[in-house]
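Undergrad: sequence first, predicted coordinates after that:
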Amino acid sequence: MGRARLTVSYLGSGYHGFAANPGVRTVAGELTEAISKVVRAPVELTGAGRTDAGVHAWGQVVSCDLPDGTDLADLAARVNKLCAPGIAVRAAEWAADDFDARRSATSRTYRYHIWNDPAPNPLLAGLVWHVPRQLDLIAVREAVAPLIGEHDFTSFCRKPKVPEDQPQPSMVRIVRAIDVRRVDDTPTLRFEVTATSFCHQMVRSLVGTLVDAGLGRLTPADVTAALRARDRSAAGTVAPPDGLILWSVGYEGTRWDAGR
């Protein structure tokens with residue numbers, strides 16, 4: 001067996017998230033079934049990000065062990081036929097035996113798109129969040145500053161469910177960059193967020209809070225206060241999943257939490 005690395009894109013609207021979940025249609029479930037059928041052997045997939053229902057991906061990375069001698073180009077082509085049109089393997093290559101799509105990742109980048117116009121765009125339904133009121137991009141960018149760096153993002157994350165006898169996991173993350181810009185003089189606004197990793201619903205909470213700032217509901221001081229509160233209710237709106245895309249996963253350098 002050899003370790004394979006696949007770069008996968010998908011339209012999340014038709015799936016109940018990425019992770020396999022018996023009884024419902026998921027991206028990992030569909031991929032696992034297709035790959036197993038092609039190689040005629042059971043496979044187990046690991047994804048770099050567990051995207052929620054309705055969230056899309058352009059650069060999701062998946063690792064799995066496949067029989068030696070598997071023609072990866074042929075595998076990708078055959079899997080794409082089986083999974084079209086909702087899922088596509090964009091690239092496939094062999095990786096080191098210790099490569100793990102999730103644990104080896106050193107950064108992840110998400111993009112979120114907003115259609116900022118009084119009238120909705122039916123052609124982008126399911127791919128953007130329609131915000132009819134005009135956003136003040138200067139106010140949005142000013143609210144970005146407190147979020148950059150290493151912080152406890154408890155206020156911006158959905159509390160994970162853990163057994164009563166287990167401690168809550170740390171919500172400390174490092175946000176490396178948040179870029180907000182208009183796309184080609186259109187009503188589309190793109191929020192690009194890069195961090196070491198993200199906790200559940202973190203990107204959607206960050207975007208929703210920044211939108212609240214752009215609507216004049218929050219100031220940069222309010223964003224700082226929300227971070228310090230470590231309370232989910234202190235943050236702003238949670239953006240819907242429609243506009244969110246797992247854009248890319250980085251594997252350069254060392255994981256930020258190595259040795260901690």
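TA: Yes, it's here.
Undergrad: can we go C-alpha only for contacts and neighbour counts from here?
TA: Noted.
Undergrad: strands of the stretch 151-260 of the chain, start to end?
TA: Counting by DSSP state E, counting those that start in this stretch, the stretch 151-260 of the chain has strands at residues 172-182, 188-195, 244-250.
Undergrad: how about JSON lines for the ones you listed, with distance to Leu127 added?
TA: Below are these laid out as JSON lines (distance: least, CA to CA, whole Å):
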{"stretch": "strand 172-182", "distance to Leu127": "16"}
{"stretch": "strand 188-195", "distance to Leu127": "11"}
{"stretch": "strand 244-250", "distance to Leu127": "8"}
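Undergrad: which one of these lies nearest to Leu45?
TA: Of all the strands of the stretch 151-260 of the chain, the one in closest proximity to Leu45, counting by CA to CA, is strand 244-250 (16.2 Å).
Undergrad: packing partners for the closest one?
TA: Contact here means 3 or more CA pairs under 8 Å, 6 or more residues apart in numbering; DSSP states H and E; on that basis strand 244-250 packs against strand 56-66, strand 107-115.
Undergrad: highest mean neighbour count out of the strands of the stretch 151-260 of the chain?
TA: Ranked by mean neighbour count, the strands of the stretch 151-260 of the chain are led by strand 244-250 with a mean of 23 (mean count of other CA atoms under 10 Å).
Undergrad: that one vs strand 188-195, what angle?
TA: 40 degrees (axes from the mean of the first three to the mean of the last three CA atoms, to 10 degrees).
Undergrad: convert the C-alpha atoms of strand 244-250 to CSV, please.
TA: Output of strand 244-250 as CSV, limited to C-alpha atoms (Å, rounded to 0.1, in the frame of the first residue of the first chain):
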residue,chain,number,x,y,z
LEU,A,244,-18.0,29.6,2.4
ILE,A,245,-15.3,27.8,0.4
LEU,A,246,-12.3,25.8,1.8
TRP,A,247,-9.9,27.4,-0.7
SER,A,248,-6.5,25.8,0.0
VAL,A,249,-4.5,23.9,2.6
GLY,A,250,-0.8,24.6,3.3
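Undergrad: Gly54: how many residues sit nearby?
TA: For Gly54, the neighbour count with other CA atoms under 10 Å is 21.
Undergrad: next one: Gly253
TA: Gly253 sits with 10 neighbouring residues when counted by other CA under 10 Å.
Undergrad: could you check how far it is from Asp184?
TA: 33 Å (CA to CA, to the nearest Å).
Undergrad: show me the contacts for Ala213.
TA: Each residue near Ala213 by CA atoms under 8 Å, 6 or more residues apart in numbering is listed here: 139-140, 143, 219-220.
Undergrad: hmm, which of those are the buried ones?
TA: For the contacts of Ala213, a burial check counting by 16 or more other CA atoms under 10 Å picks out 139-140, 143, 219-220.
Undergrad: circling back to that earlier point, nearest to Leu210, out of the helices and strands packed on strand 244-250?
TA: Judging these by CA to CA, what sits closest to Leu210 is strand 107-115, at 11.7 Å.
Undergrad: which neighbours does that closest one have in its sheet, and in what orientation?
TA: strand 129-130 (parallel), strand 188-195 (antiparallel), strand 244-250 (antiparallel) (DSSP bridges).
Undergrad: tell me which of these sits nearest to Pro160.
TA: Nearest to Pro160, of all the strands paired with strand 107-115, is strand 188-195, at 19.1 Å by CA to CA.
Undergrad: avg pLDDT for the closest one?
TA: Mean pLDDT, strand 188-195: 98.
Undergrad: tell me the angle of that strand relative to strand 172-182?
TA: Angle between the axes of strand 188-195 and strand 172-182 is 160 degrees (criterion: the same axes, to 10 degrees).
Undergrad: export the helices and strands packed on strand 244-250 to TSV and tack on mean neighbour count, mean pLDDT and distance to Ser233?
TA: Compiled in TSV, the helices and strands packed on strand 244-250 are given as follows (neighbours: other CA atoms under 10 Å; pLDDT from 0 to 100; distance: least, CA to CA, whole Å):
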stretch	mean neighbour count	mean pLDDT	distance to Ser233
strand 56-66	24	97	26
strand 107-115	24	98	22
